[in-house]
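Novice: build me a model from this:
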Amino acid sequence: MMTFCVKIAWQISFAAVLSLVLLLNTSLQAQDKKESLTKQQETVALEFAKEHHRELHKLISQLKEMDPQRYESAIAELFESSERLNRFKERMPDRYETEIELWKIDSRVRLLVARSMSGMDEEAREQIRKLLVKRNRVRATQLAHEQKKLEERIDRMEQQIADLQNNTDQLAENELNRLLRSARNRAVTKQRSEESQAKRNVKEQRSSPQRDSDSSKSERAATQSPSKASDKKQ
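Specialist: Purely as a prediction, here's the structure:
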């Protein structure tokens, strides 16, 4: 009887883990098309899960023994999530915290749903409902922040439009002067470069006759040396 209970418990655990992987949108076919993950990427994925969802980390670790191929799929999913969130941290740090919070909520919702594949009790239903309410509030806060940024950008654009409409002649004159200054600077730079090259050419031409003369003297000396040596022998 004890063996049977252990077997049933193991099967339930395996079913929960397997359902979790399916909810993570992974597939064996998709994994076949991906390159194998490096040990470093696996470590990054596991550390990410351990930091932000310890229960998920525990289940993924169990999956490694039960189904190594699906384990790789789950790790790939986690690694992609960690990389995506790191890009937010580097490029849009103001959104990073809310994106992390949304991921954590979604991950917990998926786990609760996976555990309730055979039926959801009232406690699990209430937990999921609270998580979804929290996600909506976080998302609303995020959208309000994005709206504020858009409004600030629109304000700047409206100011630019007003400047272009009200000061169009002066702006055009300023731009024309800038273009003319740039053209003059390029012309001066080109002229200085040409003058510098011309000076170098003159210097090379002046030193060239001297080099030719020295070369001729060396050639004559080399020609005369055998003759003198022959005279001495005679």
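Novice: got the contact list for the residue nearest the centre of the chain?
Specialist: In the chain, the C-alpha nearest the mean C-alpha coordinate belongs to R87, at 6.2 Å (Cα atoms, centre = their mean). By Cβ atoms under 8 Å, 6 or more residues apart in numbering, the contact list for R87 is empty. C-beta here means a position set from N, CA and C on the backbone, and glycine is covered the same way.
Novice: which SSE is it in?
Specialist: helix 68-91 (DSSP states H and E).
Novice: same question, E204
Specialist: helix 168-233.
Novice: state the mean pLDDT of that helix.
Specialist: Mean pLDDT, computed over helix 168-233, is 76.
Novice: likewise stretch 119-132?
Specialist: What stretch 119-132 shows for mean pLDDT is 89.
Novice: export that stretch to PDB, keeping only CA atoms.
Specialist: Only the C-alpha atoms of stretch 119-132 are listed here, as PDB (Å, rounded to 0.1, in the frame of the first residue of the first chain):
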ATOM      1  CA  GLY A 119      -9.500  20.300 -10.600                       C
ATOM      2  CA  MET A 120      -9.200  23.600  -8.800                       C
ATOM      3  CA  ASP A 121     -10.300  24.000  -5.200                       C
ATOM      4  CA  GLU A 122     -11.600  27.300  -3.800                       C
ATOM      5  CA  GLU A 123      -8.300  28.200  -2.100                       C
ATOM      6  CA  ALA A 124      -6.300  27.900  -5.300                       C
ATOM      7  CA  ARG A 125      -9.000  29.800  -7.200                       C
ATOM      8  CA  GLU A 126      -8.800  32.600  -4.700                       C
ATOM      9  CA  GLN A 127      -5.000  32.700  -4.800                       C
ATOM     10  CA  ILE A 128      -5.100  33.000  -8.600                       C
ATOM     11  CA  ARG A 129      -7.800  35.700  -8.500                       C
ATOM     12  CA  LYS A 130      -5.700  37.800  -6.100                       C
ATOM     13  CA  LEU A 131      -2.600  37.400  -8.200                       C
ATOM     14  CA  LEU A 132      -4.600  38.500 -11.300                       C
END
